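Visitor: sharing a model that was predicted from the sequence below.
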Amino acid sequence: MVLAISFLEAPLKFRAPGVTVPIGLGIGRIVFRALNVVEAILAAAVVVGLVLGGFRTAGAVAVGVLVVQLGAVRPVLTRRSDRVLAGEDTGGRSHAHLVYVALEVLKVAALVWLGVAAS
């Protein structure tokens, strides 16, 4: 899900005919909100697994990255997209967006690590 949404849907939606930045941001907010709800539910399952004694490091990294994304980076991105949707010029890409993408890469690596360790 993370690979499909973060690395395919998110950048490609802005290339679709007629999709403006405000429309793309609106779609992105809905899609990422849904993704984050599912991620939070799955993270809870990982935490249960950690408590029961499995694959502590990989699971902790994946859950920790999600917590940072949701608690620190997403609020910054939401405030910025609020300004863009209100018509304010924000001056190009935000550094928070690059941080979010870097954290997505780290999270995917941790999830792969967790999957390999669990098999």
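Guide: Cool, got the structure.
Visitor: and the residue positioned nearest the centre of the chain, how far from Thr90?
Guide: The residue at the geometric middle of the chain, judged as the C-alpha nearest the mean C-alpha position with CA atoms, centre = their mean, is Glu104 (5.9 Å). Relative to Thr90, Glu104 is positioned 21 Å away (CB to CB, to the nearest Å). Glycine gets a C-beta too; all of them are placed from N, C-alpha and C.
Visitor: next: Ala40.
Guide: Using CB to CB, one obtains 28 Å as the distance from Ala40 to Thr90.
Visitor: do the same with Leu35
Guide: Separation of Leu35 from Thr90 (CB to CB) stands at 23 Å.
Visitor: thinking the residue nearest to the centre of the chain is in contact with Phe7, fair?
Guide: Yes. Applying CB atoms under 8 Å as the test, Glu104 and Phe7 come out as touching, 7.4 Å apart.
Visitor: burial measure for the nearest residue to the residue nearest to the centre of the chain once chain neighbours are set aside, as a count.
Guide: Counting by CB to CB, 6 or more residues apart in numbering, Glu104 lies nearest to Ser6, which is 4.6 Å off, once chain neighbours are set aside. Neighbouring residues of Ser6 were enumerated by other CB atoms under 10 Å; the total is 20.
Visitor: with Phe7 instead?
Guide: Other residues within reach of Phe7 by the criterion other CB under 10 Å amount to 14.
Visitor: more neighbours, Leu35 and Thr90?
Guide: A side-by-side neighbour count of Leu35 and Thr90, using other CB under 10 Å, places Leu35 first with 17 against 11.
Visitor: the more buried one in helix, strand or coil?
Guide: helix (DSSP: H, G, I helix; E, B strand; the rest coil).
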